[in-house]
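Asker: using only what follows, build the 3D model:
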Amino acid sequence: MIAIRHGAERGHANHGWLDTYHTFSFADYHDPRHMGFSVLRVINEDVVAPGQGFPTHPHRDMEIITWILEGALEHQDSLGTGSVIRPGEVQRMSAGSGIRHSEFNPSPAEAVHLLQIWILPNQQGVTPSYEQTRFDDAELADRLRLVASPDGQDGSVTIHQNARVYAARLQDGEVTHTLGSGRRAWVQVARGELTLNGQILTAGDGAAVQQETILRLTGNGGSELLLFDLP
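Answerer: So this is what the prediction gives:
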């Protein structure tokens, strides 16, 4: 069973400096029908204006993953981490017992376009930590590249949850993913258009997948996606 969450149906807010879409309930957007999926709690698609950003704010007990589509995002946190995240890089911040951070667009001219994901952890109060990894273009081209996992497999960042996150940039080829018994999946289209088991998804669309064994993803002229394999 595949249930499509069309991008146009998401929560939306334009604050001038921030244009944001919420796949699930977040901040002032509340929809009891869309509170998350499995342990996936937040998928926000953000465009942050040049020279703008999120001032220092706290988080607790959440696995936060950031995926950049265009531009760059500067990160600083209470662990002393300072970094800039760019396309092809994945950032993981385990908020655990408590962390404070800021996110800022350092460019004076270019907006930054990103997806920020929150995953509920399977442990409370873990020691906060940060990790960032880059994947070459070839690793993402026409294949599902593991970018986050509970065990750091294949160079992915490590999360405190039995979930695996894959990224792919598809042209016109097909990739497949097999779900284990009792597993679910969420597919989020970041750019372009693709076909999932015969159903067309476009940028901003998401799909909740249950009671399916094989996921067949076909690029329709170029697309970028994240796939979440979930308990």
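
Asker: low-confidence stretches in the chain?
Answerer: Along the chain, no part satisfies pLDDT under 70.

Asker: which SSE is the spatially most central residue of it in?
Answerer: For the chain, I117 is the residue whose C-alpha lies nearest the centre (Cα atoms, centre = their mean; 4.2 Å). Assigned by DSSP states H and E, I117 belongs to strand 112-119.

Asker: one step back: dump the residue contacts of the residue nearest to the centre of the chain.
Answerer: By Cβ atoms under 8 Å, 6 or more residues apart in numbering, I117 lies in contact with L40, V42, I43, N44, I64, I65, T66, W67, V165, L226. C-beta coordinates here come from the backbone N, C-alpha and C atoms, glycine included.

Asker: which of those lies closest to T23?
Answerer: Proximity of the contacts of I117 to T23 (Cβ to Cβ) peaks at I43, which lies at 4.0 Å.

Asker: can I assume that closest one sits in a helix?
Answerer: No. I43: not assigned to a helix; according to DSSP: H, G, I helix; E, B strand; the rest coil it is strand.

Asker: which phi and psi values does A207 adopt?
Answerer: Note on A207: its backbone torsions stand at phi -140, psi 130 [degrees, to the nearest 10].

Asker: and it, how many residues sit next to it?
Answerer: 23 (other Cβ atoms under 10 Å).

Asker: so that it lines up with my notes, have the first residue be 666 from now on.
Answerer: I'll keep to 666 as the first residue from here, and by that count the last item is A872.

Asker: does it touch A668 like I think?
Answerer: Yes. Counting by Cβ atoms under 8 Å, A872 does reach A668; the two are 6.9 Å apart.

Asker: residue contacts, D807?
Answerer: Going by Cβ under 8 Å, 6+ apart, D807 touches A833, R834, L835, Q836, G838, V840, G884.

Asker: can I get the contacts of I782 in CSV with neighbour count?
Answerer: Listed next are the contacts of I782 as CSV, based on neighbours: other Cβ atoms under 10 Å:
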residue, neighbour count
L705, 24
V707, 20
I708, 26
N709, 21
I729, 19
I730, 23
T731, 20
W732, 23
V830, 28
L891, 23
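
Asker: closest to G761 among the residues you listed?
Answerer: I729 (10.7 Å).

Asker: just checking, the closest one is part of a helix?
Answerer: No. Under three-state DSSP, I729 falls outside any helix and is assigned strand.
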